[in-house]
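Colleague: build me a model:
(2 chains)
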Amino acid sequence: MTRVGLIRLAVIVAMIGALELACRTGLIRHQTIIAPSEMATSLYALLASGAINADIERTLGIIVIVIAISIVLGFALGLVIHALPRLREALDPLFATYYAVPIFIFYPVLIAIFGLSPIPIVLIGVATAVVAMIIATLNGLDRVPRVLTKVARVHRLDAVTTAMTLQLPAAAPYLFTGVKLSVSYGFIAVIAAEFILSPAGLGRDIADAYSDFNNRRMYALILFLLIIATVVNTVLHALDVRWAERRSGGRT
Amino acid sequence: MTRRATDTLIIAAVVLVVWKILHEIAGSTALPAPLATMAYLVHLVPTTRFTENAAATLQAFSLALLLAYGIGLAIGVWMGAHRLSGAVGEPILVVIYSLPKITLYPVVLLIFGLGISGKVAFGAMHGILPVALLTMGAIRAIPQVYLRAARTLHLSPWQTITTVLLPAALPEVFTGLRIGFTVTLLGVLLGEMFASKLGLGSMIMSDMSLAQSEDMVTVAIILFVFAAIANALLLWIEHRLHRRV
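Modeller: All right, here's what the predicted structure looks like:
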């Protein structure tokens, strides 16, 4: 491990240690934050009991659906928009503003329309994640060498074959940025939606534990979600770095 | 410019048509028609219920933004200027940035309570990270030759900061401030939606439980338009800053 890595590890360990110490000595009240070691043991007990298996399945299932729809739909829409420059020009201001407005405030509107079910959660998740994929697809397609599209034309490939055999692989590294963002945004939107209002799910569990003053359960669930999010983001980041290396002449 | 204006109008028209169709499918109780909503907007804005809630949100948002900018800039300058701190801290900040911060909201509430301070802390939590990360990047990207030039001219440290470092880093720092604005607003609204008696976020939630969809859609649209206009303004300033350098 590098020196910087060691210092980073030391900083993280020191922060967790300080929190542990502050909780154990009563500097931080037990009603506010419980000790990190207690969070871990509580999470272990919760997972071992199987009490949250149904919620884990439900929440992760919705997240996977949201991400899958966002990536496929985002890529398809990106292809269509890229093929129509006039449409793209018109949509540009929309893309520039999209992530600057709190789309999430429409979640209650979606509940009013579709009722309290997984549908509004999936919709708000896709609405949050899909545009990142569209933008990444457009960026990626811009960087597909023109000679490849000419080759496709020479071979008289149809639009779908061109997209799947040529544009997709050529733009893949750039598309991955979109995938990474879609995963991150989809995850955040689904958890937030469940947390604000939902019949079930891990987000709802945390909100319930909070209103029941059940701190052990609440912190165990928070820890669980933070661990999953960190692992997923770290894996995606590592893949992204590998792609980038390969792109910038890692072949040598 | 005119073409762009036409495009924006066309997009707006498409949105209105889709909205109208959704209204026809879902019915008035779930989603009011566009025109009815516009009429309701004119009626809603002058009421004290709206102005009180809007003032509460604005107050919490301003305080959160102030905190996010202050702390974010301080962290960014520190980590940008001090290489080792930056190298150690950046991955930690990036990981925290991509976490679903909503899961930490109960913790914020337990620490700061249900009043305005909880909302402010939660909003600031969202804004600090992009401001810090982009400021750090901006300071690191300043070409070394600028600093050498400053040394050659015997500028004092303060003169170096105000006449060399600040102007060079400003455009990118401003990008951070713009993104910070957006996510801080989202943080404050999320906080209000989950647990608050006052504010536009809580107004939307109580409208939903009372099935007052006209009220709910109107408030959502006001917030939407506010954020879009603020972002357009900040983007305009940002482009001018970039061109100047």
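
Colleague: where in the stretch 101-250 of chain A is pLDDT low?
Modeller: Applying pLDDT under 70 to the stretch 101-250 of chain A picks out residues A:247-250.

Colleague: which parts of chain B are helices?
Modeller: In chain B, the segments counted as helices under DSSP state H are B:2-26, B:34-44, B:48-81, B:83-97, B:105-112, B:116-140, B:144-152, B:157-160, B:166-194, B:200-209, B:213-244.

Colleague: tabulate those helices in CSV, adding columns for mean neighbour count.
Modeller: No exception for glycine: its C-beta is placed from N, CA and C like everyone else's. Rendered in CSV, the data for the helices of chain B read as follows (neighbours: other Cβ atoms under 10 Å in any protein chain shown):
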stretch, mean neighbour count
helix B:2-26, 12
helix B:34-44, 14
helix B:48-81, 19
helix B:83-97, 16
helix B:105-112, 20
helix B:116-140, 24
helix B:144-152, 11
helix B:157-160, 12
helix B:166-194, 23
helix B:200-209, 21
helix B:213-244, 17
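
Colleague: could you dump the ones you listed to CSV with distance to chain A and mean pLDDT?
Modeller: Putting these into CSV (distance: least, Cβ to the nearest Cβ, whole Å; pLDDT from 0 to 100) gives the following:
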stretch, distance to chain A, mean pLDDT
helix B:2-26, 4, 84
helix B:34-44, 11, 87
helix B:48-81, 11, 93
helix B:83-97, 5, 87
helix B:105-112, 4, 90
helix B:116-140, 11, 92
helix B:144-152, 21, 88
helix B:157-160, 27, 84
helix B:166-194, 5, 91
helix B:200-209, 4, 88
helix B:213-244, 4, 89
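
Colleague: flag every residue of the stretch 151-252 of chain A that's near chain B.
Modeller: Of all the residues in the stretch 151-252 of chain A, those in contact range of chain B (Cβ under 8 Å from any Cβ of the partner chain) are A:184, A:187-188, A:191-192, A:195-197, A:203, A:206-207, A:209-210, A:215, A:218, A:221-222, A:225-226, A:229-230, A:233-234, A:237.

Colleague: write a ChimeraX command that selects only the buried members of those residues.
Modeller: Restricted to buried positions by 16 or more other Cβ atoms under 10 Å in any protein chain shown, the ChimeraX selection for those reads:
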select /A:184,187,188,191,192,195,196,197,203,206,207,209,210,215,218,221,222,225,226,229,233
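
Colleague: from the residues of the stretch 151-252 of chain A next to chain B, which land in helices?
Modeller: With helices taken from DSSP H, the overlap with these comprises A:184, A:187-188, A:191-192, A:195-196, A:203, A:206-207, A:209-210, A:215, A:218, A:221-222, A:225-226, A:229-230, A:233-234, A:237.

Colleague: so who does the residue most central in space within chain B touch?
Modeller: Most central in chain B under Cα atoms, centre = their mean is residue B:182, positioned 1.7 Å from the mean C-alpha point. Under the criterion of Cβ atoms under 8 Å, 6 or more residues apart in numbering or on different chains, the neighbours of residue B:182 are A:99-102, B:227, B:231.

Colleague: just the element for the residue nearest to residue B:232 when sequence neighbours are not counted, please.
Modeller: Of all residues not flanking residue B:232 in the chain, residue A:97 sits nearest, at 7.0 Å (Cβ to Cβ, 6 or more residues apart in numbering or on different chains). Secondary structure assigned from DSSP states H and E places residue A:97 in helix A:85-98.

Colleague: go through that helix and flag the buried ones.
Modeller: So helix A:85-98, judged by 16+ other Cβ under 10 Å, has buried residues A:90-91, A:93-94, A:97-98.

Colleague: what of stretch A:100-119?
Modeller: A:100-114, A:118.

Colleague: ok, and which of the residues you listed reach chain B?
Modeller: Of the entries in the buried residues of stretch A:100-119, the ones placed beside chain B under the rule of Cβ under 8 Å from any Cβ are A:100-102, A:104-106, A:108-109, A:111-113.

Colleague: and the strands in chain A?
Modeller: Counting by DSSP state E, chain A has no strands at all.

Colleague: determine which of the helices of chain B approaches residue A:138 most closely.
Modeller: With Cβ to Cβ, the closest approach to residue A:138 among those belongs to helix B:2-26: 16.2 Å.

Colleague: check contacts around the most centrally placed residue in chain A.
Modeller: Among the residues of chain A, the one closest to the centroid is residue A:184, at 1.7 Å (Cα atoms, centre = their mean). Contacts for residue A:184 were tallied using Cβ under 8 Å, 6+ apart; they are A:233, A:236, B:98.

Colleague: ok, the closest residue to the second one other than its chain neighbours - how many residues close by?
Modeller: Nearest residue to residue A:236 in three dimensions, chain neighbours excluded: residue A:180, at 4.7 Å (Cβ to Cβ, 6+ apart). For residue A:180, the tally of surrounding residues (other Cβ atoms under 10 Å in any protein chain shown) stands at 21.
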